[in-house]
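Visitor: Need a 3D model of the sequence below.
(2 chains)
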Protein chains: 2
Amino acid sequence: MISVVLLGAGNVATHLYKVFHNSDAITVTQWYNRHVDKISTYKNEVSVTDSLIELVEADLYVMAVSDDAIATVSEALPFQDRLVVHTSGTASLYDLDAKHRRGVFYPLQTFTKDATIDFSAIPLCIEALKKADYKLLKTLAHAIGSQDYKVSTEQRKRLHIAAVFANNFTNQMYRIAHEITEANQIEFDVLKPLILETAKKIQNMSPYMAQTGPATRGDKQTIKKHLNLIENPQHKAIYKLLTESITETHGRKKL
Amino acid sequence: MISVVLLGAGNVATHLYKVFHNSDAITVTQWYNRHVDKISTYKNEVSVTDSLIELVEADLYVMAVSDDAIATVSEALPFQDRLVVHTSGTASLYDLDAKHRRGVFYPLQTFTKDATIDFSAIPLCIEALKKADYKLLKTLAHAIGSQDYKVSTEQRKRLHIAAVFANNFTNQMYRIAHEITEANQIEFDVLKPLILETAKKIQNMSPYMAQTGPATRGDKQTIKKHLNLIENPQHKAIYKLLTESITETHGRKKL
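Guide: Presented below is the predicted three-dimensional model:
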């Protein structure tokens, strides 16, 4: 049984609380938040507190707090030589105070407040300075059904950028497609199966191999027709730049 | 029972043959291709031919041929006043010869040669000049389990552009994410659940509502850090342009 003290009350903290609480291999010994009223609904299940002085001993302390608070809160913890991890995609392991055994436990997923989260579909990016601590974090990941990945602070920073492309920028492509369909009185629903299939395809195939379309084929005629039809100047600029990018990836001459 | 004569032997033609053949409500009376050897493996199931003169009568003729061939093949058909449709996302209904009752039956999906296709997940974009023909195409779509959408030629051209954003450009976002992870010795697998979740999220929520990340939050610090870390100049240009696009969509001041 792994004993955990959880710190924070945001989306990540709340989802972690629920999945830790439901795991047979984990016990949440205590839940801390600066404003205790935010977590007081759980006080029948778990000991809650707003006082760092009152924190009890545990195998590890999971700080699911904002990036800005990692340094100050970890410094304010009234103990040392215990395993303290943060859950941030961008903060360094070294943002944690050096008096602790430090680590990172970063679940790579978009967390929406009220949605149920299936942790078996969430990769956990793990980092620790000591081998035994790394092993404990790995056990913690498995206890909530997640797959673990060893990711260093430098790698995690790049992974976060890759996630901006794979999530935010991808979603903006959907948004532009939505704008185009809406402007032409077409139901956006018609594109939803294609969007899902595009994401499914790369689960077993590289994005390179999965690519299709006019830029990949070097079909200048279609690209020209499309550019003539696009009125929104920003959509046009994006169409041009991403067509160039695909052309470069697939080794065609500049169009 | 709807009787169909199919023309062509590419990916779309082959997938349509299979799904038509398996439907209780459809009978493929004949399959034509210029090179009959490409479809001769099916000759025990269906009458195959490479001669337009030999084409038999049917409720409709489905031309799943290349865009360039639509005008010439439809002109060469040795009959008139019958329902002839093409399956192209970009060709006009009027590319079909005017001697026919004309229509379009366009399945909006990426077709990979050997993959099994689930037509119940493929929207069918339908267009026809006559009401009765439109109704028949609608029945044909339902007979293969697809949902039908009424899409005019002008709408279909725009829809094709929207599909380039939703499919090709989205896939290029995955590709760039792959390049970033690969350059940093991170397994691309770590991003796959996020990619799937991003596509699933907009099935029940608008892309506008689903958006998250630094540009949506107006988090200038993170954007600046990311731009400093991105070395590839094309990745940087794309990051900047798409960040501007998100910023504009979400009504933040220029960053």
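Visitor: Give me the domain ranges for chain A.
Guide: By the assignment in automatic domain parsing, chain A contains the domains A:2-151, A:156-249.
Visitor: These into a markdown table, with extra columns for mean pLDDT and mean neighbour count?
Guide: All C-beta spots, glycine's among them, are computed from the backbone N, C-alpha and C. Formatted as a markdown table, the domains of chain A follow (pLDDT from 0 to 100; neighbours: other C-beta atoms under 10 Å in any protein chain shown):
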| stretch | mean pLDDT | mean neighbour count |
| --- | --- | --- |
| domain A:2-151 | 95 | 18 |
| domain A:156-249 | 95 | 19 |
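Visitor: Just put the ones you listed in CSV and tack on distance to B:V56.
Guide: As requested, those are exported to CSV (distance: least, C-beta to C-beta, whole Å):
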stretch, distance to B:V56
domain A:2-151, 52
domain A:156-249, 34
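Visitor: quick one: which of those is nearest chain B?
Guide: Among the domains of chain A, domain A:156-249 comes nearest to chain B, with 3.5 Å by C-beta to the nearest C-beta.
Visitor: Work out for me the element the residue nearest to A:T243 when sequence neighbours are not counted sits within.
Guide: Distances taken as C-beta to C-beta, 6 or more residues apart in numbering or on different chains put A:A215 closest to A:T243, at 4.5 Å, once the chain neighbours are dropped. Following DSSP states H and E, one finds A:A215 within helix A:214-217.
Visitor: How about residues contacting that helix?
Guide: With contacts defined as C-beta atoms under 8 Å, 6 or more residues apart in numbering or on different chains, helix A:214-217 is touched by A:222-223, A:226, A:242-243, A:246-247, A:250, A:252, A:255, B:164, B:168.
Visitor: quick one: which two of these are the most distant?
Guide: The largest separation in the contacts of helix A:214-217, counting by C-beta to C-beta, is between A:H226 and A:H250 at 17.3 Å.
Visitor: in chain A, which spans are helices?
Guide: A:11-21, A:69-76, A:131-143, A:153-163, A:170-183, A:192-201, A:207-210, A:214-217, A:220-229, A:233-249 (DSSP state H).
Visitor: which strands and helices sit next to the fifth one?
Guide: If you count contacts as 3 or more C-beta pairs under 8 Å, 6 or more residues apart in numbering or on different chains; DSSP states H and E, helix A:170-183 packs onto helix A:233-249, helix B:153-163, helix B:170-183, helix B:192-201, helix B:207-210, helix B:233-249.
Visitor: Which of these sits closest to A:H86?
Guide: That would be, of these and by C-beta to C-beta, helix B:192-201, which comes in at 19.5 Å.
Visitor: Now do the closest one against helix A:170-183, angle only.
Guide: 20 degrees (axes from the mean of the first three to the mean of the last three C-alpha atoms, to 10 degrees).
Visitor: so what secondary structure elements neighbour helix B:192-201?
Guide: With 3+ C-beta pairs under 8 Å, 6+ apart as the test, helix B:192-201 has helix A:170-183, helix A:192-201 packed against it.
Visitor: Tell me how far the longest one lies from the chain's centre.
Guide: Read that as helix A:170-183. For helix A:170-183, the separation from the chain centroid amounts to 23 Å (computed by C-alpha atoms, centre = their mean, to the nearest Å).
Visitor: As a quick check, tell me the outermost residue of chain A.
Guide: A:Q221 (39.6 Å; C-alpha atoms, centre = their mean).
Visitor: Contact residues of the stretch 1-150 of chain A facing chain B?
Guide: A:90, A:108-110, A:112, A:121-123, A:125, A:149 (C-beta under 8 Å from any C-beta of the partner chain).
Visitor: one more time with 10 Å, if that's ok
Guide: Residues of the stretch 1-150 of chain A lying close to chain B by C-beta under 10 Å from any C-beta of the partner chain are A:67-68, A:89-90, A:108-112, A:115, A:117-118, A:120-125, A:146-150.
Visitor: residues touching the closest residue in space to A:G89 that isn't next to it in sequence, list them.
Guide: Excluding its sequence neighbours, the residue lying closest to A:G89 (C-beta to C-beta, 6+ apart) is A:H160, at 4.5 Å. A:H160 makes contact with A:88-90, A:106, A:108, A:125, B:180, B:213-214, B:222, B:225-226, B:229 under the criterion C-beta atoms under 10 Å, 6 or more residues apart in numbering or on different chains.
Visitor: I'd say A:K236 and A:H226 touch.
Guide: Yes. Under the criterion of C-beta atoms under 10 Å, A:K236 makes contact with A:H226 at 9.2 Å.
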